[in-house]
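Undergrad: I'd like to go over a predicted model; first the sequence, then the structure.
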Amino acid sequence: MRRRYLDAMALVQRFGKPDIFLTMTCNPHWEEITRELAEGQSPQDRPDLVARVFKAKLEDLKDLLFKKKFFGEVAAHVHVIEFQKRGLPHAHFLIILKSDYKITNSDQYDEIISAEIPDNDKYPILHDLVIKHMMHGPCGVLNINDPCMENGSCRYHYPRHFAETTQQGEDSYPIYRRRNDGRRVRIRGAVLDNRWVVPYNPYLLIRYNCHINIEVCSSIKAVKYLFKYIYKGHDRASIVIEAAEDDAVINEIREYRDARFISPPEAIWRIYSFNLSEMYPSVIQLQVHLPNMHLVHYKDSEKLEDVVCKGSSSRTMLTEYFRMNSIYSYARNFLYKEFPEFFVWNNSTKSWKRRKQRIQVGRLVAAHPAEGERYYLRILLNHVRGATSFEDLRTVDGFVFATFREAAERRGLIEADCSISDCLSEAATFAMPSAFRRLFATILVFCEVKNVRELWGKHFEAMADDFQQGSATDKESIEQMVLRDISDILYSMGKDISCFDLPEMLDGTELAGSNCREVIEEMSINIDPEHLDLYATLNCEQRLAFDEIMHHVLQKKSKVFFIDGPGGTGKTHLYKALLAKVCSMGLIAIATATSGIAASIMPGGRTAHSRFKIPVNIHDDSLCSFSKQSGTAELLRRASLIIWDEVAMTKRQAVEALDRSLQDITGVLSPFGGKVIVLGGDFTQVLPVVRRGIRAQITDATLKKSYLWRCIKQIKLWRNMRAQSDPWFSDFLLRIGDGTEESIGQDYVRLPDEIVVPYIDPKHSVSKLINDIFPSLGQNGISPSYISTRAILSTKNEYVDELNEKLIDRFPGEEQIYYSFDSAVDDPHNYYPPEFINSLTPNGLPPHVLRLKINCPVILLRNLDPFNGLCNGTRLIIRAFQENAILMQK
Ligand SMILES: Nc1ncnc2c1ncn2[C@@H]1O[C@H](COP(=O)(O)OP(=O)(O)OP(=O)(O)O)[C@@H](O)[C@H]1O
């Protein structure tokens, strides 16, 4: 039996998730069919004719979709055409669009898909076609015998719910707009409304006059479902083409590219056609087997001894890959999975040969973690280049490990049980005890440590080192001192030491009552003397703002201010002056910002979410999650001034939650419980993120749409203090922000030639960009400030990863590689192979392969410890590294 494989995940990996799912079903009453029928014949009598016409329509559809780019430029597509004995021929298409044409929000869904009955007066033809082809059922209570009924309900979930607007569905398809507009139609004896409309594209429906269902694949989770659907129950990772399971008469599979085959009426065929565009090469499955545990094929007529002795029986793709590596230095440049791109496998001679034309993509046959050694062998093959034998693969730093697991662990490719402990042991060699305790606390908070007490016991000495040098000599006192320090650190990270299995902290060692801990912490923030002098430097708008705010603080007069200023107009400068002044008077001023990075540049700054305990999933009536008796509540009650920077980019519901909570804890029913609040931000910068939200939804989420906006006093700062030396640029930015700069269409602005790196082609332009920004990158001895005062910004994580690869290549020094340990939750069947998960680049996670060099800059992607300035966006410099620990400096 001939089989062809296609790796669905490889497709997604290479081109991204599919965007559109389209099903077209043959209309047996197409004119092209009916006019050729002889007197008394029905379409069922002429399957050849039906198939031919259907094929012609499909060709036309493919031309429209792929050449004429009906939905935009197509990166790749898969389609399956089914001719069955029962039912009409139909075709399924999965279409992956190029990145510029991705369909991402519900406005775009509405442009291409409708799920409503059209107005009969305005669109009579379309109205008739929808009734004829796109109404589901009736099923359910209207017709319990409809073929779609399964266990008493419709397999396709009809009737759907009415929906006023199209929305992003949680896991799979969007919820299309199906308004309850009173339109009804009588179909097969039942009265149906918009809830029964199968989503369609009006143009395609009119053009093809048949059932043609279009769906947008709204999330990556839909991919799994779609691939399963399109390949009906086959393995989701490797798709196998074979006969329909219910077929008793098939004795051969025939496969025709582009569905040129016309099925004979007596057979039941599925014709699969994979046409992944010219760019997408075929996929070859690469064998992964343990030594001498490969499959050997032989004929019934062959003698087993002969089979075993035959030289070719011991040769496999893998053993030959090793052999090629041992004799051919060029071969050693590639991973096993990359091999088929450069070498071609000849199955009859069982050997690899240098490839001359047409590339192929390799994919290693899957292995489940439960398979043990084969799974670890596969991991090694996915990461190690040029191995010449199984033993070579087990060799790391000259040492031959007994198992593939140990070798993978040693290479840092799988998480070892002792990774965390090793990290601490390594860190102990370069971290001071106080920094070491901070690392210990950070690990407790972020690493889900299973045996905390064991970790504590093992690393106590290193954590206690500085206390042992001091006056306390007995172990218990020192232990209490370490515990207290860790407790303080944990507290500043919003955690309580009692949540961790550590030795008990004695009462006396607690600071003055846990309720006041936040207050004490806030009161102990050091005031930078320079900040006290900032008042003298304020420009006149800043000074007016300062005076008015201070007046309210001193008079304890309730007021909410919004410092409205474009970037660089000195908002932070003003906050620093205010914070210093209020704190110097012994009053409490709380500094927060929406992002960690903005919080970290204000003394004592915390993210608003952590300081006010704002719930992550926020709703219109949410409250902050602190109780009236908590330390946070006490701190807020005592605060004379609360600053929240970058409020323009937070959802209004978060600010409203703080308003309600402050009213609750203070008992004062005026905005924010009568406090003096300074909000700041710039609505021309980043707005709140509403995932896949349309403009209206984003605008609705901003503070300007809040009930609070009416009682907020706006203070405008307009003088750009940052770009004083370049007033032209500062004006240019302001014009873009205000929307007064001439634009091309609605969204584009022409940048002056002087600030643009001209585009030649991707390779040279990127190289020129790097040379322009980092001209001395390759030189030894470049200073950290050289690196940290320049940056290349990019719009997508994948571009950032690409640029980082190029930059780190040029960076001087020896590199250290770190691999992430990625796994899918809720995937007992290992449908998501590790290399697929590793290839994803979601927000907030580093790439799977992280290449670092001493003195190279890195950006922290998590709010590890915002109170101490370690937050999402903090830039650090690599100072030293070991296998599990990295020493970084701000
Ligand atoms: N009155 C001032 N005198 C001197 N320098 C100032 C003054 N105001 C602001 N600056 C300087 O201008 C630069 C930008 O100020 P700042 O960071 O406070 O602006 P911002 O409005 O917070 O900007 P962004 O919105 O981009 O965060 C800083 O280097 C700051 O020190």
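TA: Here it is on my side, so go on.
Undergrad: For burial, what's the neighbour tally of Thr23?
TA: 17 (other Cβ atoms under 10 Å). No exception for glycine: its C-beta is placed from N, CA and C like everyone else's.
Undergrad: swap in Asn830?
TA: Residues near Asn830, counting by other Cβ under 10 Å: 17.
Undergrad: residues in contact with Ala545?
TA: 561, 563, 574, 715, 717 (Cβ atoms under 8 Å, 6 or more residues apart in numbering).
Undergrad: Contacts for the helix or strand hosting the first one, please.
TA: What it means is Phe561. Assigned by DSSP states H and E, Phe561 belongs to strand 559-564. Contact with strand 559-564 is made by 545, 548-549, 552, 571, 574, 647, 671-672, 676-683, 703, 708, 711-717, as judged by Cβ under 8 Å, 6+ apart.
Undergrad: now swap in stretch 160-168 and tell me
TA: 105-106, 109-110, 115, 174-180, 194-196, 218-219, 691-692.
Undergrad: What subset of those residues is buried?
TA: Buried subset of the contacts of stretch 160-168 (neighbour count, 16 or more other Cβ atoms under 10 Å): 105-106, 109-110, 115, 174-178, 194-196, 218-219, 692.
Undergrad: And those, which is the shakiest by pLDDT?
TA: In terms of pLDDT, the lowest of the buried ones among the contacts of stretch 160-168 is Ser219, showing 56.
Undergrad: quick one on the thing from earlier: for the helix or strand following the strand holding Phe561, packing partners?
TA: Using DSSP H and E, the helix or strand that directly follows strand 559-564 along the chain is helix 571-584. Applying 3 or more Cβ pairs under 8 Å, 6 or more residues apart in numbering; DSSP states H and E, one finds that helix 571-584 makes contact with helix 529-532, helix 540-555, strand 588-593, strand 639-645, strand 676-681.
Undergrad: Identify whichever of those lies nearest to the ligand.
TA: The closest of the helices and strands packed on helix 571-584 to the ligand is helix 540-555. By Cβ to the nearest ligand atom, the value is 5.6 Å.
Undergrad: Could you check the angle that closest one makes with strand 676-681?
TA: Counting by axes from the mean of the first three to the mean of the last three Cα atoms, to 10 degrees, helix 540-555 lies at 150 degrees to strand 676-681.
Undergrad: Report the angle between helix 540-555 and helix 571-584.
TA: If you take the same axes, to 10 degrees, helix 540-555 sits at 30 degrees to helix 571-584.
Undergrad: Can you turn the buried part of the contacts of strand 559-564 into a ChimeraX selection?
TA: Only the buried entries of the contacts of strand 559-564 go into this ChimeraX selection, using 16+ other Cβ under 10 Å:
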select :545,549,552,571,574,647,671,672,676,677,678,679,680,681,682,683,703,708,712,715,717
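Undergrad: Worst mean pLDDT among the helices and strands packed on helix 571-584?
TA: Note on the helices and strands packed on helix 571-584: lowest mean pLDDT is at helix 529-532, with a mean of 88.
Undergrad: returning to that earlier point: please produce TSV containing the contacts of Ala545, extended by distance to the ligand and pLDDT.
TA: As requested, the contacts of Ala545 are exported to TSV (distance: Cβ to the nearest ligand atom, whole Å; pLDDT from 0 to 100):
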residue	distance to the ligand	pLDDT
Phe561	15	96
Ile563	8	94
Leu574	7	95
Ile715	12	94
Leu717	7	92
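Undergrad: Dump stretch 602-617 to PDB, restricted to CA.
TA: Extracted in PDB, the C-alpha atoms of stretch 602-617 (Å, rounded to 0.1, in the frame of the first residue of the first chain):
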ATOM      1  CA  MET A 602      10.100  55.900  40.300                       C
ATOM      2  CA  PRO A 603      11.500  55.500  43.800                       C
ATOM      3  CA  GLY A 604       9.600  52.600  45.500                       C
ATOM      4  CA  GLY A 605       7.600  52.200  42.300                       C
ATOM      5  CA  ARG A 606       5.400  49.000  42.000                       C
ATOM      6  CA  THR A 607       3.200  47.900  39.200                       C
ATOM      7  CA  ALA A 608      -0.400  49.000  39.800                       C
ATOM      8  CA  HIS A 609      -1.600  45.400  39.600                       C
ATOM      9  CA  SER A 610       0.700  44.200  42.300                       C
ATOM     10  CA  ARG A 611       0.300  47.300  44.600                       C
ATOM     11  CA  PHE A 612      -3.500  47.500  44.400                       C
ATOM     12  CA  LYS A 613      -4.000  43.700  43.900                       C
ATOM     13  CA  ILE A 614      -6.100  44.200  40.800                       C
ATOM     14  CA  PRO A 615      -7.500  41.000  39.500                       C
ATOM     15  CA  VAL A 616      -6.100  39.700  36.300                       C
ATOM     16  CA  ASN A 617      -9.500  38.900  34.800                       C
END
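Undergrad: Looking at that stretch now, give me its mean pLDDT.
TA: In this model, stretch 602-617 has an average pLDDT of 85.
Undergrad: So is that stretch next to the ligand?
TA: No: for stretch 602-617, no contact with the ligand is found by Cβ under 6 Å from any ligand atom; the gap never falls below 9.9 Å.
Undergrad: quick one: buried residues of that stretch?
TA: 602-614.
Undergrad: Below-threshold pLDDT in the stretch 701-850 of the chain: ranges please.
TA: 831 (pLDDT under 70).
Undergrad: before we move on, the earlier item: which ones among the buried residues of stretch 602-617 are found in strands?
TA: Within the buried residues of stretch 602-617, residues falling in strands by DSSP state E are 606-607.
Undergrad: Which positions in this structure make contact with the ligand?
TA: 537-539, 542, 565, 567-573, 682, 721-722.
Undergrad: for this structure, what's the longest strand?
TA: Longest strand in the chain by number of residues (criterion: DSSP E): strand 74-83.
Undergrad: partners of that one in the sheet?
TA: strand 90-97 (antiparallel), strand 269-273 (antiparallel) (DSSP bridges).
Undergrad: rank those by pLDDT, which is bottom?
TA: Lowest mean pLDDT within the strands paired with strand 74-83: strand 269-273, at a mean of 30.
Undergrad: where do the helices sit along the stretch 601-750 of the chain?
TA: Counting by DSSP state H, counting those that start in this stretch, the stretch 601-750 of the chain has helices at residues 608-612, 631-638, 652-666, 695-700, 727-738.
Undergrad: who touches Asp19 in this structure?
TA: Each residue near Asp19 by Cβ under 8 Å, 6+ apart is listed here: 71, 95-97, 101-103, 216-217.
Undergrad: so what's it closest to, chain neighbours aside?
TA: Leu97 (4.6 Å; Cβ to Cβ, 6 or more residues apart in numbering).
Undergrad: what residues are up against the residue lying closest to Gln663 once chain neighbours are set aside?
TA: Spatial nearest neighbour of Gln663, excluding adjacent residues (Cβ to Cβ, 6+ apart): Gly673 at 4.8 Å. By Cβ under 8 Å, 6+ apart, Gly673 lies in contact with 636, 659, 662-667.
Undergrad: could you measure Gly673 against His609, distance?
TA: Distance from Gly673 to His609, counting by Cβ to Cβ, to the nearest Å: 19 Å.
Undergrad: Ok, Glu798 next?
TA: For Glu798, the distance to His609 - Cβ to Cβ - is 28 Å.
Undergrad: any idea how far Ser477 is from the ligand?
TA: 45 Å (Cβ to the nearest ligand atom, to the nearest Å).
Undergrad: which element follows the one helix or strand that residue maps to toward the C-terminus?
TA: Following DSSP H and E, one finds Ser477 within helix 475-492. The C-terminal neighbour of helix 475-492 among helices and strands, as given by DSSP H and E, is helix 517-523.
Undergrad: What are the phi and psi values at Ala880?
TA: Note on Ala880: its backbone torsions stand at phi -160, psi 160 [degrees, to the nearest 10].
Undergrad: So it is in contact with Lys853, correct?
TA: No: Ala880 lies out of contact with Lys853 (Cβ atoms under 8 Å); the separation is 11.3 Å.
Undergrad: Report pLDDT for the residue in the stretch 351-500 of the chain positioned nearest to the ligand.
TA: Nearest residue of the stretch 351-500 of the chain to the ligand: Ser492, at 24.2 Å (Cβ to the nearest ligand atom). Ser492 carries a pLDDT score of 75 in this model.
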